[in-house]
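Colleague: Coordinates for the following, if possible.
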Amino acid sequence: MSSGVTDRVVATDAAAAVLRHLTATFGPIILFQSGGCCDGSSPICLQEGELLLGPEDLLLGEVAGVPFYIDREQFERWNRPRFELDTRPGPAEGFSLEGLVGVHFTIGSCAADSSRSRWNRNQGPASE
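Modeller: This is a model prediction of the structure:
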């Protein structure tokens, strides 16, 4: 796992409240920005240790004390976006922890190099 990129992710108040609740319930947790497969491009919330992080997993920062990771190649391919974590009603379709409390995380993003700061929800980075 590598670090060095920080402050690339923020959370809404609602998302931060869910993260605090999940941490109080399950102990240490992590967020990982999925790039496809099981949960599409949704962030996945897991108990710490349930996902083995590799040397190419990049720590983007922390939200509500919870580390947020992404695959380095995906981060570069998406043009080094900034992320905003939020929640919506209804459980997650996959195995992310927040589904147990009746919500699912969503992600908005904007390209860091973009002159336009445009957030797209659950669609990866803004396309220019």
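
Colleague: Could you report the separation of Gly27 from Leu58?
Modeller: Distance of Gly27 to Leu58, given as C-beta to C-beta, to the nearest Å: 23 Å. No exception for glycine: its C-beta is placed from N, CA and C like everyone else's.

Colleague: Same drill for those two, tell me which one is more crowded.
Modeller: Legend: neighbour count by other C-beta atoms under 10 Å for Gly27 and Leu58, higher for Leu58 (22 against 10).

Colleague: thinking that one is in contact with Arg72, fair?
Modeller: Yes. Judged on C-beta atoms under 8 Å, Leu58 makes contact with Arg72 at a distance of 4.6 Å.

Colleague: which residues touch the closest residue to Ala16 other than its chain neighbours?
Modeller: Counting by C-beta to C-beta, 6 or more residues apart in numbering, Ala64 is the residue found nearest to Ala16 once chain neighbours are left out, at 4.1 Å. By C-beta atoms under 8 Å, 6 or more residues apart in numbering, the residues touching Ala64 are 11, 15-16, 19-20, 23.

Colleague: Next step: those residues restricted to helices.
Modeller: Secondary structure from DSSP state H places 15-16, 19-20, 23 of these in helices.

Colleague: Buried ones among the residues you listed?
Modeller: 15-16, 19, 23 (16 or more other C-beta atoms under 10 Å).

Colleague: What is the nearest of those residues to Phe68?
Modeller: Proximity of those to Phe68 was ranked by C-beta to C-beta; the top entry is Leu19 with 10.0 Å.

Colleague: Need the pLDDT of the residue nearest to Ala16.
Modeller: Note on Ala64: pLDDT of 95.

Colleague: do Leu46 as well
Modeller: pLDDT, Leu46: 94.
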